[in-house]
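S.K.: Here is the input, now give the coordinates:
(one chain, ligands or ions: 1)
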Amino acid sequence: MQCIGILGGTFNPVHIGHIRPAVEVFEALRPVRIDLLPCASPPHKTEGNLLPFDLRVRLLEAAARPFPFLRVNTMENERSGPSYTYDTLCEYRRLYPHSGLFFILGAGDLLTLPDWHRGRQLTDMADIVVLPRSGRDIETFHHATRACWPDAAEIRAPAPLEALYRLPSGHHVRFLPQPRLDISATLIRERWLRGRNLSYLVPEAVLNTMQQHRDEITACWQREEPSV
Ligand code: ATP
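M.R.: Below you'll find the model as predicted:
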């Protein structure tokens with residue numbers, strides 16, 4: 001069955017810690033494509049310093065352009081109210097009834113899944129692919145998976161996966177090891193406000209687009225106090 005990968009996020013802004021993992025997932029799991037799915041109205045994050053949706057999309061498009069398997073999907077901007085991933089996956093199921101879906105997220109975010117709107121039920125519609133982000137991520141993965149889905153059964157993980165669970169729904173939760181990139185959008189925003197050089201932290205084409213919108217970006221991010 002052909003599969004579509006979905007990498008959701010605020011992407012405020014997109015950085016190499018988003019794009020490199022997408023490449024790793026594509027090479028390991030061979031979906032027909034991976035959708036970068038910017039959140040229009042994040043339920044869990046303050047929106048004060050969030051770049052306008054259209055600008056985040058323009059930056060994502062600049063990042064995705066070199067990779068034919070990456071798409072930017074703006075469907076969350078077509079709904080009103082908070083952008084719940086559960087609703088988004090329902091929409092994907094409706095649009096692509098014959099495709100497998102997997103939702104990609106960093107290990108730290110897996111821990112917060114029970115707090116998401118119908119977070120545990122995302123696996124009624126999609127597999128989950130978890131990526132490392134910091135040192136003890138495999139332990140976090142096992143702990144969070146068992147806490148989230150007590151019925152999950154650990155099964156043998158074929159390479160290159162490091163761990164794999166099967167759920168009663170028939171969906172899977174996977175841990176895919178890859179080089180860790182200790183980069184966050186928070187770090188990018190802080191460095192931008194300090195006038196630091198962002199080369200190799202965001203793709204060059206993204207940086208060029210950011211520079212074209214320099215004043216708008218600075219004004220928006222100045223609404224957040226830099227902490228380092
Ligand atoms: P912020 O610093 O503003 O909280 P962020 O860098 O975590 O943002 P998001 O847009 O919230 O970026 O992330 C989207 C998805 O990408 C999440 O599942 C997140 O865990 C994952 N992700 C972000 N950065 C990395 C990274 N460096 N390595 C692996 N996964 C990442």
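S.K.: packing partners for the biggest helix by length in the chain?
M.R.: Secondary structure of the chain read by DSSP state H shows that its longest helix is helix 16-29. Under the contact criterion of 3 or more C-beta pairs under 8 Å, 6 or more residues apart in numbering; DSSP states H and E, helix 16-29 touches strand 3-9, strand 33-38, helix 53-64, strand 100-106, strand 127-131. (Each C-beta comes from the backbone N, C-alpha and C, glycine too.)
S.K.: and that helix, what's its mean pLDDT?
M.R.: On average, the pLDDT along helix 16-29 is 97.
S.K.: Ok, stretch 53-66 next?
M.R.: The average of the pLDDT scores along stretch 53-66 is 98.
S.K.: That one: which residues count as buried?
M.R.: Of the residues in stretch 53-66, those buried under the neighbour-count criterion (16 or more other C-beta atoms under 10 Å) are 53, 55-64.
S.K.: In CSV: the residues you listed, plus distance to the ligand.
M.R.: As requested, the buried residues of stretch 53-66 are exported to CSV (distance: C-beta to the nearest ligand atom, whole Å):
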residue, distance to the ligand
Phe53, 13
Leu55, 14
Arg56, 9
Val57, 13
Arg58, 16
Leu59, 11
Leu60, 10
Glu61, 15
Ala62, 16
Ala63, 12
Ala64, 14
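S.K.: In TSV: the residues you listed, plus distance to Trp221.
M.R.: Shown next, in TSV, are these (distance: C-beta to C-beta, whole Å):
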residue	distance to Trp221
Phe53	16
Leu55	12
Arg56	12
Val57	17
Arg58	16
Leu59	13
Leu60	17
Glu61	20
Ala62	18
Ala63	18
Ala64	22
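S.K.: Would the helix or strand bottoming out on mean pLDDT in the chain count as contacting the ligand?
M.R.: Using mean pLDDT, DSSP states H and E, the weakest-scoring helix or strand in the chain turns out to be helix 107-112, at a mean of 89. Yes - judged by C-beta under 6 Å from any ligand atom, helix 107-112 comes into contact with the ligand through Asp109.
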